[in-house]
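Asker: mind looking at a prediction? Sequence and model below.
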Amino acid sequence: MTSRGPGVDPGVWCALEKLRNAAALATHVHDGVERARGHLCATELLGFLDEASDGGGDSNTALWEQSPCFCEQFSGAMALAEALPKAMDLATETDDVK
């Protein structure tokens, strides 16, 4: 980072810092959404494989056993749940820069 020169408005430095924070938040949001997308895409494939493996009918599994498809859906939902507050922070941070 360069040093602040004489006559540089402190508001400019504050705005730059907020934009830097917003960029980091945007990266976190993007990563979370991509992680969720990966889980949800895997859900579709696993659902297809699950149906193919049991002949398309209901499998007789115990209640505590969940299919990989369910686990991927849950992981995708959790990734989105983690990304949402960061997206809200991003909106606040960029609004403050205006």
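Answerer: Happy to help now that I have it.

Asker: can you give me the strands in this structure?
Answerer: For the chain, no strands turn up when DSSP state E is the criterion.

Asker: any weak-confidence spans in it?
Answerer: 1-6, 50, 53-68, 97-98 (pLDDT under 70).

Asker: ok, now with 90
Answerer: Applying pLDDT under 90 to the chain picks out residues 1-25, 27-98.

Asker: leaving out the residues flanking it, which one is nearest to the residue most central in space within it?
Answerer: Nearest residue to the geometric centre of the chain (CA atoms, centre = their mean): residue 32, 1.7 Å. Leaving aside its sequence neighbours, residue 32 sits nearest to residue 83 (CB to CB, 6 or more residues apart in numbering; 3.0 Å). For the C-beta atoms, the positions are set from N, CA and C on the backbone; glycine is no exception.

Asker: distance of that neighbour relative to residue 23?
Answerer: 16 Å (CB to CB, to the nearest Å).

Asker: for residue 94, see how far away residue 34 is.
Answerer: 20 Å.

Asker: other SSEs contacting the longest helix along the chain?
Answerer: Counting by DSSP state H, the longest helix found in the chain is helix 10-53. In terms of contacts (3 or more CB pairs under 8 Å, 6 or more residues apart in numbering; DSSP states H and E), helix 10-53 is packed against helix 68-97.

Asker: so which bits of the helix it packs on are buried?
Answerer: Residues 69, 72-73, 75-76, 79-80, 82-83, 86-87, 90, 93-94 are the ones in helix 68-97 that count as buried (16 or more other CB atoms under 10 Å).

Asker: JSON lines for those, including distance to residue 43?
Answerer: Listed next are the buried residues of helix 68-97 as JSON lines, based on distance: CB to CB, whole Å:
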{"residue": "69", "distance to residue 43": "5"}
{"residue": "72", "distance to residue 43": "4"}
{"residue": "73", "distance to residue 43": "5"}
{"residue": "75", "distance to residue 43": "9"}
{"residue": "76", "distance to residue 43": "7"}
{"residue": "79", "distance to residue 43": "12"}
{"residue": "80", "distance to residue 43": "13"}
{"residue": "82", "distance to residue 43": "18"}
{"residue": "83", "distance to residue 43": "17"}
{"residue": "86", "distance to residue 43": "23"}
{"residue": "87", "distance to residue 43": "22"}
{"residue": "90", "distance to residue 43": "26"}
{"residue": "93", "distance to residue 43": "32"}
{"residue": "94", "distance to residue 43": "32"}
